[in-house]
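*Asks:* Fold the following and give me the result.
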Amino acid sequence: MPLLSYSRSYTPSAEDVGHVIRVKCKATKRAGGGVLTKTVDTGIVLPFPPMPPRRQMLANVNEERLTPRLRQIGVFRVLTYNILAEIYATRQMYPYCPIWALSWSFRRELLKRELQSYNADIICLQEVQGDHYKSFFAPMMEEWGYEGWYLKKSRESMGLEGKVDGCALFYKRSRFILKERYPVEFNDLANDFLTQVQSEYDLDYQGPSMAAREMFLSTLNKMRQRLQRDNVAQIAVLEVVPANNEVVARKSQSGPLICIANVHIFSNPKFPDVKMWQTNMLAKQLERVTLSRNLPTILCGDFNSEPSSAVYEFMTRNHVPLDHPDIQYPPTQLANIYASLDLEHNIGFASAYASVFGAEPEYTNYTGHWTGVADYVWYTPETLTPFAGLKVHPPEVLEAYSKTALPNCQFLSDHTSQVYAVDRVYGDLQPQFVAKDVLKALSQLDAVVGDVFNRLVHKVSQEKERVAAVDKRIQVCQAKVNALTARRTSNKPTTVFSTSKYPAPKQLPLPKTLFQDKPYADAPPLVPDADDDTHFLPAEPLPPAQRGQHMA
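*Replies:* Reported below is the predicted structural model:
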């Protein structure tokens, strides 16, 4: 039997396939009293499982709408992956998976190979075990040129140190510099939220009865137990290092900023209201970090929520109605408390997978007991554009290659990874592209300003013409008024004004006396003038005896 190694560990090679490996251990007593030997034979060494079918990196279905400039700037790859922590990879949970394929020592090799093949610039992982981050991820990612940040869940370890999972965020040192980071622990946010609810209750109901207050405090305690689920999230603000000039950029100038968030939302399907609450709280934290600076934002994670959920509606539509079934579930006081929440945000997210492929995938979590979409990469479409993405295999492909659900000997996790190539709308442009874009923008702006100016000039000219016409009409009217006034006050014969379409004006004699110094009763009747039947002159006054008859 050939000797393979003297080391404490040994990894079988292709030459060992089909053979049994014997491990022999010798222990020597310090006093020289003898040597104890123990021998163990392994099972037959199996060949390494075939690699899973290669996933295609496909271009955005709307690629023709992307402007050429978007393909010239700051392209980077983003990956999100729930890697299935060892503490959850049990035979009870996944009875269809061989026990050796569930072991971390096997799955980590698959993970290492997968991460290397994607070569992402930003990596967001969920269910990263604390001890594995320290012993495996940190040294490996450091060697690959990444810097990282780990945030474990709020609960204590499960028996041994490091046996608790959390979120890990990695970024390439050559592409990004960490400027800010904000840990988000939903347990703390729940305490703050319920403390505020209690304070508002005390202000609104001055001096409530002891029984009512005790009932309210009991409700708050139940809510605290429901909301505190130990989940965490990471928010990081990264500075983009301009390409081809890393050293100068780090020392002399600041690059554009981008916000990256990583989250693992509570998984229990009986708690959709808690999922919605956690997502809402995370959005509020992101607003505080990004809105004032209009930062491009990417939110990665396992949301444990399907496209029909309140969480998905909240992310895609910026709000969710209070009568959504996920919020009204269960019918407890929690739904009433939600009425005081502002279930909306102003960030404006879009799903990367739906943007690239036109719809969400059939699944991102594929197990023997549940299949559906749970993982997403959200981005701000005003500042970012995913122009390519890694397509998820159809279920029939998994069944043909692996014969079972996930995880298995080919796929290390019950989740699938998501990878996207993202362009920043404003990024590390080369000078020639900057000048070209600036000139184009100035030209467009000049055309717009010129058009607006011409419209204003035309409008002012029209207004001047209208004012001049009104002034002319006013002058004509004033002349007529002056003429009428002169006619009433003058004793000379007046002339009736007429236009050319009427006959020439005629001189009208004024009456010599018109009821001058005579009372109304003594006024003579008007009789036709013999010379002009169109005018009347006063007749001789009637005798008093006939005056009454005439009036009758």
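*Asks:* Tell me how far Ile87 lies from His132.
*Replies:* Distance, Ile87 to His132, by CB to CB, to the nearest Å: 10 Å. For glycine as for every other residue, the C-beta is placed from the backbone atoms N, C-alpha and C.
*Asks:* Those two - which one has more neighbours?
*Replies:* Ranked by neighbour count (other CB atoms under 10 Å), Ile87 and His132 place His132 first, with 21 against 18.
*Asks:* host element of that one?
*Replies:* Assigned by DSSP states H and E, His132 belongs to helix 130-132.
*Asks:* contacting residues around that helix?
*Replies:* Identification of contacts with helix 130-132 by CB atoms under 8 Å, 6 or more residues apart in numbering yields 85-86, 104, 108, 150, 152, 157, 160-166.
*Asks:* which parts of the next helix or strand after that helix are buried?
*Replies:* Using DSSP H and E, the next helix or strand after helix 130-132 towards the C-terminus is helix 138-143. Buried residues in helix 138-143, defined by neighbour count with 16 or more other CB atoms under 10 Å: Ala138, Met141.
*Asks:* buried set for stretch 293-305?
*Replies:* Buried-residue list, stretch 293-305, by 16+ other CB under 10 Å: Leu295, Pro296, Thr297, Ile298, Leu299, Cys300, Gly301, Asp302, Phe303, Asn304, Ser305.
*Asks:* and these as a markdown table, adding pLDDT, distance to Gly389 and secondary structure?
*Replies:* Below are the buried residues of stretch 293-305 laid out as a markdown table (pLDDT from 0 to 100; distance: CB to CB, whole Å; DSSP: H, G, I helix; E, B strand; the rest coil):
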| residue | pLDDT | distance to Gly389 | secondary structure |
| --- | --- | --- | --- |
| Leu295 | 96 | 22 | coil |
| Pro296 | 96 | 17 | coil |
| Thr297 | 98 | 18 | strand |
| Ile298 | 98 | 13 | strand |
| Leu299 | 99 | 16 | strand |
| Cys300 | 99 | 13 | strand |
| Gly301 | 99 | 16 | strand |
| Asp302 | 99 | 17 | strand |
| Phe303 | 99 | 17 | coil |
| Asn304 | 98 | 21 | coil |
| Ser305 | 98 | 20 | coil |
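*Asks:* In JSON lines, list the residues you listed along with distance to Pro407.
*Replies:* As requested, the buried residues of stretch 293-305 are exported to JSON lines (distance: CB to CB, whole Å):
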{"residue": "Leu295", "distance to Pro407": "36"}
{"residue": "Pro296", "distance to Pro407": "34"}
{"residue": "Thr297", "distance to Pro407": "31"}
{"residue": "Ile298", "distance to Pro407": "26"}
{"residue": "Leu299", "distance to Pro407": "25"}
{"residue": "Cys300", "distance to Pro407": "20"}
{"residue": "Gly301", "distance to Pro407": "19"}
{"residue": "Asp302", "distance to Pro407": "15"}
{"residue": "Phe303", "distance to Pro407": "20"}
{"residue": "Asn304", "distance to Pro407": "17"}
{"residue": "Ser305", "distance to Pro407": "21"}
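*Asks:* Where does the record place the domain boundaries for the chain?
*Replies:* Following automatic domain parsing, the chain resolves into domains at 1-47, 57-185+233-429, 506-544.
*Asks:* What is the nearest of the buried residues of stretch 293-305 to Pro321?
*Replies:* Ser305 (16.2 Å; CB to CB).
*Asks:* my guess is the closest one contacts Thr316, does it?
*Replies:* No - counting by CB atoms under 8 Å, Ser305 does not reach Thr316; the two are 11.4 Å apart.
*Asks:* returning to that earlier point: pLDDT check: weakest of the contacts of helix 130-132?
*Replies:* pLDDT is lowest at Ser157 among the contacts of helix 130-132; the value there is 71.
*Asks:* element containing Gly43, please.
*Replies:* Using DSSP H and E, Gly43 falls in strand 35-44.
*Asks:* Could you identify the helix or strand that succeeds that strand?
*Replies:* Per DSSP H and E, the first helix or strand lying C-terminal to strand 35-44 is strand 57-59.
*Asks:* What strands flank the next helix or strand after that following strand, and is each parallel or antiparallel?
*Replies:* Counting by DSSP H and E, the element after strand 57-59 in chain order, helix or strand, is strand 76-82. Taking DSSP bridges as the criterion, strand 76-82 forms sheet pairs with strand 122-129 (parallel), strand 418-424 (antiparallel).
*Asks:* For stretch 42-49, list every residue counted as buried.
*Replies:* The neighbour-count criterion (16+ other CB under 10 Å) identifies Val45, Pro49 as the buried residues of stretch 42-49.
*Asks:* same thing with stretch 191-201?
*Replies:* Phe193, Leu194, Val197, Tyr201.
*Asks:* Considering those, which is situated nearest to Thr383?
*Replies:* Phe193 (29.9 Å).
*Asks:* backbone phi and psi for the closest one, please?
*Replies:* phi -60, psi -50 (degrees, to the nearest 10).
*Asks:* how about it, what does it touch?
*Replies:* So Phe193 contacts Leu227, Met281 (CB under 8 Å, 6+ apart).
*Asks:* Just the pLDDT for it.
*Replies:* Taking Phe193 on its own, its pLDDT is 91.
*Asks:* where in the stretch 201-350 of the chain is pLDDT low?
*Replies:* 206-208, 243-253, 329-340 (pLDDT under 70).
*Asks:* Now with 90, please.
*Replies:* In the predicted model, the stretch 201-350 of the chain carries pLDDT under 90 at residues 201-220, 222-223, 242-255, 321-342.
*Asks:* Can you show me the strands along it?
*Replies:* 232-240, 257-264, 297-302, 350-351 (DSSP state E, counting those that start in this stretch).
*Asks:* Please identify the deepest-packed of these.
*Replies:* Comparing the strands of the stretch 201-350 of the chain on average neighbours per residue, with mean count of other CB atoms under 10 Å, the densest one is strand 297-302 at a mean of 26.
*Asks:* quick check: mean pLDDT across the helix holding His132?
*Replies:* The average pLDDT within helix 130-132 is 97.
*Asks:* which non-adjacent residue is nearest Asn280?
*Replies:* Once flanking residues are discounted, Asn280 sits nearest to Leu343: 5.8 Å by CB to CB, 6 or more residues apart in numbering.
*Asks:* what is Tyr182 paired to in the beta sheet?
*Replies:* The residues listed as beta-bridge partners of Tyr182 by DSSP bridges are Ile235.
*Asks:* for the residue nearest to Asn280, what are its contacts?
*Replies:* Contact analysis of Leu343 by CB under 8 Å, 6+ apart lists Met276, Asn280, Phe314, His319, Val320, Pro321, Leu322, Ile327.
*Asks:* Out of the residues you listed, which two sit at the greatest distance?
*Replies:* Between any two of the contacts of Leu343, the greatest separation by CB to CB is 13.2 Å, found for Asn280 and Pro321.
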